[in-house]
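**Student:** I would like the atomic coordinates for the input below:
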Amino acid sequence: MDDFKYNDILNMPRHISETRPHMSNRDRAAQFMPFAALTGFGAMINETSRETSKKHELSEEELSLLNENLNLIIKNIKNRPEVRVCRFIPDEKKSGGRYENFSGSIRRVDEFKKEVIFTDKTVIPIEDILMIEIAEEQL
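**Tutor:** Here you go, the predicted model:
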């Protein structure tokens with residue numbers, strides 16, 4: 001072992017700086033951690049790959065059925081009719097949106113603002129409604 005190349009410095013005492021404090025092992029390891037140059041890029045890719053649906057344009061027949069059901073609801077509004085609504089929810093970040101079913105009792109139909117207001121204070125614009133099913137016992 002005497003002919004080992006670094007034998008003269010192997011057992012030397014460790015140098016302690018008088019001007020800089022000793023760095024912890026954790027801080028020393030942090031120097032060698034990978035650099036995240038593309039922070040947020042993964043989230044951007046996920047947002048781009050998220051699919052949205054195009055809003056369905058109602059045919060004359062579908063529009064007529066929707067109007068009939070709304071008129072029935074308006075006539076029976078005192079009974080707070082129970083309905084199931086399929087509605088379109090526009091996406092806040094990109095074009096299109098998604099469809100969602102909602103069930104509840106209708107408190108009123110605001111014909112001026114063109115909104116359906118439910119007893120739980122949910123407000124759905126009539127233009128976003130694809131379909132309304134009224135519970136049979138409500139009429």
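**Student:** where does the protein have low pLDDT?
**Tutor:** Counting by pLDDT under 70, the ranges of the chain that qualify are 1-2, 137-139.
**Student:** remind me, longest strand of it?
**Tutor:** strand 97-110 (DSSP state E).
**Student:** Now it: buried residues?
**Tutor:** The neighbour-count check on strand 97-110 (16 or more other C-beta atoms under 10 Å) flags G97, F102, G104, I106, R107, V109 as buried. Where you see a C-beta, it was placed from the backbone N, CA and C, and this is true even at glycine.
**Student:** repeat for stretch 15-25
**Tutor:** Per 16+ other C-beta under 10 Å, stretch 15-25 contains no buried residues.
**Student:** contact partners of it?
**Tutor:** Counting contacts by C-beta atoms under 8 Å, 6 or more residues apart in numbering, no residue outside stretch 15-25 touches it.
**Student:** got the end-to-end distance for that stretch?
**Tutor:** Stretch 15-25 has an end-to-end distance of 16 Å (C-alpha to C-alpha, to the nearest Å).
**Student:** where's that stretch relative to the chain centroid, distance-wise?
**Tutor:** 49 Å (C-alpha atoms, centre = their mean, to the nearest Å).
**Student:** Just want the angle from the longest helix seen in the chain to strand 97-110.
**Tutor:** Scanning the chain for the helix with the most residues, using DSSP state H, yields helix 60-75. Between helix 60-75 and strand 97-110, the angle comes out at 40 degrees (axes from the mean of the first three to the mean of the last three C-alpha atoms, to 10 degrees).
**Student:** helix, strand or coil for D8?
**Tutor:** helix (DSSP: H, G, I helix; E, B strand; the rest coil).
**Student:** what do you get for I117?
**Tutor:** From three-state DSSP, the assignment for I117 is strand.
**Student:** Beta-bridge partners for it, please?
**Tutor:** When assigned by DSSP bridges, I117 has beta-bridge partners R108, V123.
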